[in-house]
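Visitor: Structure of the sequence below:
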Amino acid sequence: MKNEYVLGIDVGGQTSKLGVVSSQGEVIAQSVIRSDTYGSDSAAFINALAAAVKDVVAQAGVEIKGIGVGAPNGNYYTGCIKSAPNLEWARTNEVHLAEDLSKALGGIPVTLTNDANAAAMGEMAYGVTKGMKNFIMITLGTGVGSGIVIDGKMVYGHDGFAGELGHTIAIDGGRPCGCGRKGCLEAYCSATGVARTALERLAQSDEPSLLRSVEKISSKDVYDAAKKGDKIALEIFDYTGYILGKAMANFVAFSAPEAIVLFGGLARSKEFLDEPIKRGLNENVLGLWRDKIKVLYSALKESDAAILGASALAW
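Guide: As a prediction, the model looks like this:
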C-alpha cells in the first residue's frame, strides 16, 4: 500500500509545532515557529504559519492530502479561533484560521479543533489510552486545556467549545485569569499559575528558598528547586496538585471516565504532583469512584502527541 501524508499543527501560547505525518503514524519532518510575536495581527501569524508549512513539506519531500490544526479555543464546526486568552492575536478577534490558512496554501483542506482535543486524539490513537473509550485529557502548559472522550468520541457540544475545563472555577473569587474571570483552574494549575503561586509564597514568607535568587521565576525554576529539596518549591507543587485533584473530582462526576490523562510541560513534574493530585481527587470524589479512577501521564513526546492528534483530522 502506498504511503500517503498529511500535516499536523499544534498551535500553543508560545510556539506552534508542525509535522508531516505518514499514514503509518510516523512523523517524518518537523518544524516550529513562534506564536507569541505577532501582537494582535492574526494575518501575520497565518502568513508565517503558511510559510512554515511550505518549508516543512519541502523538507519532507512529499505531497500532503490535508492539514489538521489543534489550537486554543479552536472550533471544529466553524474552523475559527475565538476568545483565546493565551493568543494575543485571537484574544478579542474571531480568527478564521482554517479558511485563511487554506487560501494561503492554494486551497489545501484545513480542519481545526481545540488543541487539547487534538492531544486527546493523539493519545487515543497512539498512547496510554489506546483502546479506551471514556477518558479525559488535561493539558498542563501555558494554560490548562482538556479533551473529553465519551464512548470513543470527542465531545464538542452544540457550539464546538465543549471541554473548557481549565476555565471552571477552582477558587471562588480567586486570582484573575486571562479569560477575564477570577479563580479559574488555569490561573493555578498551568505553568504560569505555578509561577504565580511561587511569587505569592515568597511574598508571604521570609523562609529561605533557592527561588529568591531567580529574577523571573518560571515553573521550571520551581521544579529545579524542588529537585534540590527546596521546602517552598515542594509546597508549591503540593498546593498545585491538590487543587488539580479536587477539580478532577468534579470532572469525574459528569462523565465517569476510566482515566484522566495529564499531558504537557507541567505534567513532567509528576514526581511532585502525583501524590497531591491523587489525594485531592480521592478526598473529594463521590465515594463510588474513590480509588477507581486512573491518573495517567502521557508517554508520547509532547510535540508528537499534539501533531499526531491534529493530523488525524486531515485523513
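
Visitor: pretty sure Arg279 is touching Leu244, no?
Guide: No. The pair Arg279 and Leu244 fails to qualify as a contact (C-beta atoms under 8 Å) at a distance of 10.7 Å. Any C-beta I mention is one placed from the backbone N, CA and C, and that applies to glycine too.

Visitor: Please say which of these two ends up with more neighbours.
Guide: Ranked by neighbour count (other C-beta atoms under 10 Å), Arg279 and Leu244 place Leu244 first, with 26 against 15.

Visitor: need the contact list for the more buried one.
Guide: Listed by C-beta atoms under 8 Å, 6 or more residues apart in numbering, the contact set of Leu244 reads Ile138, Leu140, Leu185, Tyr188, Cys189, Leu273, Ile277, Gly280.

Visitor: from these, which is closest to Ala125?
Guide: Ile138 (18.0 Å; C-beta to C-beta).

Visitor: Mind pulling up the pLDDT for the closest one?
Guide: Note on Ile138: pLDDT of 96.

Visitor: secondary structure class for it?
Guide: Following DSSP: H, G, I helix; E, B strand; the rest coil, Ile138 is assigned to strand.

Visitor: pLDDT weak spots in the stretch 51-200 of the chain?
Guide: Along the stretch 51-200 of the chain, the model assigns pLDDT under 70 to no residue.

Visitor: what separates stretch 245-253 from the chain centre, distance-wise?
Guide: Its chain's average C-alpha position is 18 Å from that of stretch 245-253, according to C-alpha atoms, centre = their mean, to the nearest Å.

Visitor: which residues sit against it?
Guide: 136, 138, 146, 165, 168, 170, 185, 189, 257, 260, 276-286, 289, 293, 295.

Visitor: Filter those residues down to the ones in helices?
Guide: In helices, defined here by DSSP state H, the members of these are Cys189, Pro276, Ile277, Lys278, Arg279, Gly280, Leu281, Asn282, Glu283, Asn284.

Visitor: wait, doesn't the third one sit right on Ile243?
Guide: No. Contact between Ile277 and Ile243 fails when scored by C-beta under 8 Å: they sit 9.2 Å apart.

Visitor: Those two: who's more crowded?
Guide: Shown here are Ile277 and Ile243; by other C-beta under 10 Å, Ile277 has more neighbours (26 against 22).

Visitor: so what's that one up against?
Guide: Neighbour list for Ile277: Gly241, Tyr242, Leu244, Gly245, Met248, Leu262, Val295 [criterion: C-beta under 8 Å, 6+ apart].

Visitor: One more: Glu207?
Guide: By C-beta under 8 Å, 6+ apart, the contact set of Glu207 is Lys231, Ile232.

Visitor: where does it land in three-state SS?
Guide: coil.

Visitor: Look up how far Thr192 lies from it.
Guide: 23 Å (C-beta to C-beta, to the nearest Å).

Visitor: Pro276 too?
Guide: Distance from Pro276 to Thr192, by C-beta to C-beta: 19 Å.

Visitor: Can I get stretch 137-153 as CSV, trimmed to CA atoms?
Guide: Taking C-alpha atoms only, stretch 137-153 is exported to CSV below (Å, rounded to 0.1, in the frame of the first residue of the first chain):
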residue,chain,number,x,y,z
MET,A,137,-7.2,14.5,28.7
ILE,A,138,-5.9,17.6,30.6
THR,A,139,-3.1,19.6,29.1
LEU,A,140,-0.9,21.5,31.5
GLY,A,141,1.1,24.1,29.6
THR,A,142,0.9,27.9,29.3
GLY,A,143,-2.8,27.3,30.1
VAL,A,144,-5.0,24.4,31.1
GLY,A,145,-6.9,22.7,28.3
SER,A,146,-9.0,19.5,28.2
GLY,A,147,-10.4,17.0,25.7
ILE,A,148,-13.3,14.8,26.8
VAL,A,149,-13.8,11.4,25.1
ILE,A,150,-17.1,9.5,25.8
ASP,A,151,-17.9,6.2,24.1
GLY,A,152,-14.8,6.7,21.9
LYS,A,153,-15.9,10.1,20.5
